[in-house]
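>>> Output the structure for:
(one chain, ligands or ions: 1)
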Amino acid sequence: MNVHQLSEHQIQGLQQELLKSKDALADQINLSAEATGVVILDQTAVGRVSRIDAMQQQSMAVSTKAKAVTKLKKVAEALIAIKNGDYGYCRRCDEPIASARLAAQPEANLCLLCQDKVDRQQ
Ligand SMILES: [Zn+2]
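Here you go, the predicted structure:
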């Protein structure tokens with residue numbers, strides 16, 4: 001196991017950030033629950049253009065919500081990792097994740113190299 005480069009204090013700061021974004025994401029998911037519901041339109045009152053509009057807005061809301069759900073999952077995992085004392089290590093190669101990367105993205109669970117490999121596969 002590598003020596004961790006994050007201090008206890010840094011981890012506490014990141015934990016606060018994670019808890020904040022956990023709340024914000026949960027709110028966002030709750031709020032978008034309505035927007036992602038079935039599009040109900042009065043066919044007589046709404047023209048074709050606004051129907052397409054409503055459908056596009058709905059699909060945007062769905063993808064925004066899906067992103068929020070994925071991020072919330074990573075945030076929750078990071079919080080668990082902090083509790084278990086294995087926060088800040090890459091899940092693929094077990095190397096410490098750069099502290100600058102964690103500062104920008106506290107929920108990151110891959111180092112930059114592995115993230116790059118994963119992104120290329122997609
Ligand atoms: Zn890695």
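>>> Relative to K83, how far out is the residue nearest the centre of the chain?
Nearest to the geometric centre of the chain sits K71, at 1.5 Å (Cα atoms, centre = their mean). Plainly put, K71 is 19 Å away from K83 if you go by Cβ to Cβ, to the nearest Å. Yep, even glycine has a C-beta here, placed from its N, CA and C like the rest.
>>> and if you look at S32?
Taking Cβ to Cβ, one finds S32 at 29 Å from K83.
>>> one step back: find the nearest non-adjacent residue to the residue nearest to the centre of the chain, please.
If the residues on either side of it in the chain are set aside, K71 comes closest to L25, at 5.9 Å by Cβ to Cβ, 6 or more residues apart in numbering.
>>> for the chain, what's the longest helix?
Selection of the longest helix in the chain by residue count, based on DSSP state H, yields helix 48-84.
>>> Tell me which other helices or strands that helix touches.
Counting contacts by 3 or more Cβ pairs under 8 Å, 6 or more residues apart in numbering; DSSP states H and E, helix 48-84 is packed against helix 8-35.
>>> Against which helices or strands is the helix it packs on packed?
Judged by 3+ Cβ pairs under 8 Å, 6+ apart, the packing partners of helix 8-35 are helix 48-84, helix 99-104.
>>> any low-confidence regions in this structure?
Along the chain, segments meeting pLDDT under 70 span 1-4, 36-47.
>>> Close to the ion: what parts of it are there?
Within the chain, the positions lying close to the ion (Cβ under 5 Å from the ion) are 90, 92-93, 111, 114.
>>> again, 6 Å this time
Residues of the chain that fall close to the ion, judged by Cβ under 6 Å from the ion: 90, 92-93, 95, 110-111, 113-114.
>>> Who wins on neighbours among those?
Neighbour counts for those peak at C111, which has 21 neighbours (criterion: other Cβ atoms under 10 Å).
>>> Verify the stated contact: it with A100.
No: the pair C111 / A100 is not scored as a contact, 11.6 Å apart, by Cβ atoms under 8 Å.
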